[in-house]
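Chemist: based on what follows, work out the 3D shape:
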Amino acid sequence: MPLKTLQARINVKQDKNHDIDIISRSPQTSIGKNDFSYLFGVTKDLQQLFIISLTAKPGYYYFSTPTVLINSLSKNKYSVEESEVRLDNGFLISKTFYINKKQGTEDGGSIDLNFNYSTEKHGLKNIDVGSKIKEIKYLQEELLKTSVDSFEAKFKEIKLREELVKKEAVKQEKKYYLSEQKTTLGAIDTVQINSNNLKKEGEFRNLYISGIPKTVFSVIVKRDSDGAGYNFNSRDFSGGGGGKLTGTIHSVGYLNQELNFPSTDSNETYSVEILTLNGKDNSGKKYPIKINQFSTVELTFALSSAANSGSYDTLPGSYTAQASGPISILWNVSLASGNDNSFTVIKNPDSSDWFVTKNINTDDPSDLLAGTSEIKLDNVIKLGTGLQVTGSSPFSTSGGTQFITGVDSSRSVIKVTSTQDLNDNQALTFSGYGTRGIKTMTNSAINFKRASIVLGETGTTIDSAVSGTTVHVTSTKGIKAAVTGTVNGAVTKATKIILDSVANLGVGMFLTATSSGTLTAIETQIAYIDVASKTIVLSNSQTLPNDATLTFNACKIDAAGISGGAYVSAVSAGANVTSTSSQTLESGIVVSFGAVSSKTATISADLDLTSIGDLSSTITLQLDNILNVH
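Modeler: As a prediction, the model looks like this:
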């Protein structure tokens with residue numbers, strides 16, 4: 001059986017600031033400008049195809065860590081091992097890739113290895129360990145000649161030699177620092193690191209420091225729970241590095257350092273400290289910079305009704321999320337079967353109907369802020385302008401709804417809308433509404449995309465023959481009587497009408513009568529309600545005088561034998577309803593009252609959790625904003 005062949009190609013961009021060494025079991029079959037091609041005979045034995053080393057020249061390091069991308073129809077049959085040499089300040093100066101074909105695979109075909117990286121000057125001209133790195137090349141060449149059984153021992157020998165090179169590099173680096181500190185007066189201008197909460201799974205964070213070239217500094221990174229220091233060589237919290245990195249801002253005036261934070265099963269806090277060794281820190285950062293990591297952060301989405309909780313049946317359960325991404329919610333709510341209340345819809349939910357709350361006590365035993373709009377609290381964590389403030393007496397809303405208008409973190413003091421005279425240790429409730437308020441209080445970014453309410457159909461049967469306007473029915477549950485409203489300001493051919501009150505009105509209700517003026521013959525319904533401005537928008541335009549009394553009906557009667565348009569004007573609970581027109585109907589027939597008034601409602605919402613904050617929180621949809629209970 002003929003031996004299968006594997007065509008391999010290595011593609012690397014040209015860069016005069018480093019050297020590339022390629023060791024292979026196969027000789028090159030062709031060489032291009034950036035292209036190296038090889039041909040292998042393939043067996044089922046484990047094969048080391050390549051050892052590829054990238055080494056920066058003196059005065060340079062890898063600003064972007066070299067990576068390899070394998071392109072092959074069978075790329076899962078190959079493995080890559082990596083090793084690297086870094087200076088004590090984290091600068092990467094050499095990286096080696098060991099490309100292997102896994103044992104037991106003899107497929108031929110082709111494989112492309114594409115390398116990405118970038119080099120940058122580091123300005124440490126005294127450091128040249130390239131010659132020592134190349135001493136390892138002989139061992140690497142021998143590695144490809146060894147049997148499978150000897151491979152592991154040879155590989156360990158190479159790793160040991162790499163550690164010796166690291167020590168030599170660090171020795172030269174520190175010698176350079178000592179000489180430079182005597183002659184350079186440096187300054188740090190900017191320190192940037194993302195201090196938002198880390199994911200439970202861990203993540204990489206970039207530390208960016210800019211300033212005068214040759215500024216010498218130390219970075220100290222520690223895990224607060226056990227004091228373990230970040231090891232900048234192994235890039236973990238093994239403690240071997242003591243949590244300290246001494247570095248120099250290179251010739252272009254900045255340094256980028258990647259920090260690797262691990263996954264956790266418990267809550268953690270990390271501290272990042274910057275010390276300038278030969279100058280000043282003008283970055284304006286307060287140290288230590290604290291970064292939190294929580295084992296489980298859960299957002300819970302729930303329902304509540306402050307005004308009508310006693311009318312509801314048991315509310316449906318909450319939804320929870322522990323990761324960012326889309327979430328779809330479906331709640332079926334109903335009114336308690338033992339009462340005759342009904343729903344009408346005020347509006348579909350929007351972001352302003354979702355809120356989060358927390359309680360914080362006042363901390364002003366000497367009443368230093370009494371009679372002012374300032375309030376001293378136990379803490380002002382996660383408080384910001386625009387949050388609503390409520391509390392029991394003597395908390396006052398005589399100046400209107402109270403909002404936070406300012407926060408002084410250094411004094412744990414907030415400023416609210418109007419003057420207060422509170423007791424010490426008094427509980428206040430802070431509420432954040434909508435995307436902005438929730439972001440302030442939870443650090444979670446949520447996009448409330450779409451939401452709707454659909455009421456269930458209301459129907460029953462006629463339990464005795466009807467002749468007139470009184471319709472005897474088996475049940476009146478979910479059926480709503482007519483509601484009136486008074487026009488506040490004459491309108492001419494308008495759909496937008498201001499009323500003295502919009503209480504008990506619902507979207508979909510029919511405008512059936514006016515005390516003065518004339519309605520159009522077209523059936524007109526309420527399309528939108530703005531509770532704050534007491535404004536309704538109608539499906540068709542009307543001309544109405546000021547102070548006209550309008551009649552709105554929620555339930556349109558539909559049954560076999562109904563003549564003309566008939567609506568429910570009144571309800572006698574458990575017995576009958578009154579029709580707006582006389583009817584003759586048989587006993588036992590089914591009658592429908594539509595879905596403008598109902599005992600049941602389905603609420604659906606699509607949310608996009610852009611990011612999860614740092615504390616588990618409950619985000620609540622306020623039912624009283626969206627559903628009337630009559």
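
Chemist: what domains does the record give for the chain?
Modeler: 4-178, 186-293, 299-451+603-629 (automatic domain parsing).

Chemist: among these, which comes closest to residue 534?
Modeler: domain 299-451+603-629 (12.5 Å; C-beta to C-beta). The C-beta positions use only the backbone N, C-alpha and C, and glycine is treated the same way.

Chemist: in TSV: the domains of the chain, plus distance to residue 511, mean neighbour count and mean pLDDT.
Modeler: Formatted as TSV, the domains of the chain follow (distance: least, C-beta to C-beta, whole Å; neighbours: other C-beta atoms under 10 Å; pLDDT from 0 to 100):
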stretch	distance to residue 511	mean neighbour count	mean pLDDT
domain 4-178	67	16	71
domain 186-293	52	17	83
domain 299-451+603-629	14	17	94
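
Chemist: with distance to residue 461 added, can I get those domains in JSON lines?
Modeler: Shown next, in JSON lines, are these (distance: least, C-beta to C-beta, whole Å):
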{"stretch": "domain 4-178", "distance to residue 461": "67"}
{"stretch": "domain 186-293", "distance to residue 461": "57"}
{"stretch": "domain 299-451+603-629", "distance to residue 461": "17"}
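
Chemist: wait, which of those domains is closest to residue 480?
Modeler: Smallest distance to residue 480 across those (C-beta to C-beta): 4.8 Å, for domain 299-451+603-629.

Chemist: can you get me the start-to-end distance on that closest one?
Modeler: 28 Å (C-alpha to C-alpha, to the nearest Å).

Chemist: also stretch 339-357?
Modeler: 31 Å.

Chemist: phi, psi for residue 237 please.
Modeler: phi -100, psi 50 (degrees, to the nearest 10).

Chemist: what of residue 511?
Modeler: phi -80, psi 110.

Chemist: can you pull the contacts of it?
Modeler: Neighbouring residues of residue 511 by C-beta atoms under 8 Å, 6 or more residues apart in numbering: 519, 524-526, 538, 542, 550-552.

Chemist: quick one: which of those is nearest to residue 317?
Modeler: Nearest to residue 317 out of the contacts of residue 511 is residue 526 (C-beta to C-beta; 32.0 Å).

Chemist: next, the buried residues of the helix or strand harbouring the closest one.
Modeler: Element membership for residue 526 (DSSP states H and E) is strand 524-530. For strand 524-530, a neighbour-count test (16 or more other C-beta atoms under 10 Å) marks 524-526, 529 as buried.

Chemist: so can I have JSON lines of those showing pLDDT and distance to residue 513?
Modeler: Formatted as JSON lines, the buried residues of strand 524-530 follow (pLDDT from 0 to 100; distance: C-beta to C-beta, whole Å):
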{"residue": "524", "pLDDT": "97", "distance to residue 513": "11"}
{"residue": "525", "pLDDT": "97", "distance to residue 513": "14"}
{"residue": "526", "pLDDT": "98", "distance to residue 513": "14"}
{"residue": "529", "pLDDT": "97", "distance to residue 513": "19"}
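
Chemist: in JSON lines, list these along with distance to residue 209.
Modeler: Formatted as JSON lines, these follow (distance: C-beta to C-beta, whole Å):
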{"residue": "524", "distance to residue 209": "67"}
{"residue": "525", "distance to residue 209": "64"}
{"residue": "526", "distance to residue 209": "61"}
{"residue": "529", "distance to residue 209": "56"}
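
Chemist: and of the residues you listed, the nearest to residue 201?
Modeler: Nearest member of the buried residues of strand 524-530 to residue 201, counting by C-beta to C-beta, is residue 529, at 45.3 Å.

Chemist: from residue 344, how far out is the closest one?
Modeler: Note on residue 529: its distance to residue 344, by C-beta to C-beta, to the nearest Å, is 10 Å.

Chemist: and what of residue 395?
Modeler: 33 Å.

Chemist: returning to that earlier point: farthest pair in the buried residues of strand 524-530?
Modeler: So, these by C-beta to C-beta: farthest apart are 524 and 529, at 14.4 Å.

Chemist: isn't residue 189 right up against residue 208?
Modeler: No: with contact defined as C-beta atoms under 8 Å, residue 189 does not count as touching residue 208 (11.0 Å).

Chemist: if we can go back for a sec, tabulate the contacts of residue 511 (TSV), appending distance to residue 265.
Modeler: Output for the contacts of residue 511, formatted as TSV (distance: C-beta to C-beta, whole Å):
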residue	distance to residue 265
519	67
524	61
525	56
526	54
538	58
542	64
550	63
551	64
552	58
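
Chemist: and the pLDDT for the residue nearest to residue 510 when sequence neighbours are not counted?
Modeler: Using C-beta to C-beta, 6 or more residues apart in numbering and skipping residues adjacent in sequence, the residue nearest residue 510 is residue 553, 4.8 Å away. Residue-level confidence at residue 553 comes out at 97, pLDDT.

Chemist: what is the neighbour count of residue 553?
Modeler: 25 (other C-beta atoms under 10 Å).

Chemist: from residue 630, how far out is it?
Modeler: 13 Å.

Chemist: could you do residue 72 as well?
Modeler: 69 Å.

Chemist: just the helices in the stretch 101-250 of the chain please.
Modeler: 130-134, 136-143, 148-181 (DSSP state H, counting those that start in this stretch).

Chemist: sorry, back to before: find the residues that touch each one of residue 189 and residue 208.
Modeler: Counting by C-beta under 8 Å, 6+ apart, nothing touches both residue 189 and residue 208.

Chemist: just how off-centre is stretch 232-249 within its chain?
Modeler: Stretch 232-249 sits 31 Å away from the centroid of its parent chain (C-alpha atoms, centre = their mean, to the nearest Å).

Chemist: just stretch 456-470 next, same as before
Modeler: 51 Å.

Chemist: how about stretch 475-494?
Modeler: 42 Å.

Chemist: that stretch: end-to-end distance?
Modeler: End-to-end distance of stretch 475-494: 38 Å, with C-alpha to C-alpha as the criterion.

Chemist: buried residues in it?
Modeler: Buried, per 16+ other C-beta under 10 Å, within stretch 475-494: 475-483, 485, 487, 491.

Chemist: helix or strand right after the helix or strand encompassing residue 320?
Modeler: In this structure, residue 320 sits in strand 319-321 according to DSSP H and E. Sequence-wise, the next helix or strand downstream of strand 319-321 (DSSP H and E) is strand 325-334.

Chemist: that older thread, quick one: residues in contact with the helix or strand that comes right after the strand holding residue 526.
Modeler: The helix or strand immediately downstream of strand 524-530 is strand 535-544, counting by DSSP H and E. Here strand 535-544 makes contact (C-beta under 8 Å, 6+ apart) with 485, 487, 490-499, 502, 505, 511, 514, 516-520, 522-530, 550.

Chemist: what about strand 535-544, average pLDDT?
Modeler: What strand 535-544 shows for mean pLDDT is 97.

Chemist: sheet partners, orientation included, of it?
Modeler: According to DSSP bridges, strand 535-544 has the following sheet partners: strand 491-498 (antiparallel), strand 524-530 (antiparallel).

Chemist: what mean pLDDT does the longest one have?
Modeler: Computed over strand 491-498, the mean pLDDT rounds to 97.

Chemist: distance between that strand and the chain's centre?
Modeler: The answer for strand 491-498 is 42 Å, by C-alpha atoms, centre = their mean.

Chemist: same deal with stretch 470-479?
Modeler: With C-alpha atoms, centre = their mean, you get 48 Å for stretch 470-479.

Chemist: compute the first-to-last residue distance for it.
Modeler: First residue to last in stretch 470-479 (C-alpha to C-alpha) measures 14 Å.

Chemist: please apply the same query to stretch 198-208.
Modeler: So stretch 198-208: terminal residues 17 Å apart, C-alpha to C-alpha.

Chemist: do the same with stretch 398-413
Modeler: First residue to last in stretch 398-413 (C-alpha to C-alpha) measures 21 Å.

Chemist: rewinding a little: of all the buried residues of strand 524-530, which comes closest to residue 306?
Modeler: residue 529 (19.3 Å).
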